[in-house]
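Asks: I'd like to go over a predicted model; first the sequence, then the structure.
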Amino acid sequence: GSFNKIYKNHFYINIRKSFKCTTRFISKFLNELKKENLFDNTLVVIAGDHLIPISNQTKQYLKIRNTNNNPLANRRIFFTVINSKNNPTRNLMSHYDIGPTILNDLKLLDLDQDKFGLGLSLYSKYKPDKYFKEYNKIISTENLGNIFNEIYE
């Protein structure tokens, strides 16, 4: 009823306020880098710390177009690299993918070295459907259980 509508509106109003506040701080930070002549030689990584539910209200902020055939369509993290010389081959990722992506940008891993830990770089030549299969294998309970059992035995 009306409670759900009030709660839903309150939730999305707070999300909008959060985006506005965060973007102001990021803008101020980037302008400071420019004033100090540091911006052009700085790789700026902005990453969300948790998944966000996808809705019509959040799609516009995350630049999501079509999610119908996307197995990860219901949850996303925000991630962008400013001043990267590389072009992402997909916009869908997990937190595992942050490491190899940054290592590629820092040239600590060559672009053909697209895997690191459990992640796959955003610059990987993997097609999105192959990425989904790889991602689903990695996050499966059985796979993660085996990995952690090996680490702690």
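Replies: Here it is on my side, so go on.
Asks: As a check, name the ranges of all helices in this protein.
Replies: In the chain, the segments counted as helices under DSSP state H are 2-35, 56-62, 98-105, 128-139, 141-152.
Asks: Compare those and say which comes out lowest on pLDDT.
Replies: Of all the helices of the chain, helix 56-62 carries the lowest average pLDDT, namely a mean of 60.
Asks: now F116, nearest residue through space, not along the chain?
Replies: Leaving aside its sequence neighbours, F116 sits nearest to P100 (Cβ to Cβ, 6 or more residues apart in numbering; 3.8 Å). All C-beta atoms are positioned from the backbone trio N, CA, C, and that covers glycine.
Asks: and that neighbour, what does it touch?
Replies: 109, 113-117, 119-121, 124 (Cβ atoms under 8 Å, 6 or more residues apart in numbering).
Asks: With neighbour count and distance to R16 added, can I get those in JSON lines?
Replies: As requested, the contacts of P100 are exported to JSON lines (neighbours: other Cβ atoms under 10 Å; distance: Cβ to Cβ, whole Å):
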{"residue": "L109", "neighbour count": "19", "distance to R16": "37"}
{"residue": "Q113", "neighbour count": "13", "distance to R16": "40"}
{"residue": "D114", "neighbour count": "21", "distance to R16": "35"}
{"residue": "K115", "neighbour count": "16", "distance to R16": "37"}
{"residue": "F116", "neighbour count": "19", "distance to R16": "35"}
{"residue": "G117", "neighbour count": "13", "distance to R16": "34"}
{"residue": "G119", "neighbour count": "23", "distance to R16": "31"}
{"residue": "L120", "neighbour count": "24", "distance to R16": "32"}
{"residue": "S121", "neighbour count": "27", "distance to R16": "32"}
{"residue": "S124", "neighbour count": "23", "distance to R16": "33"}
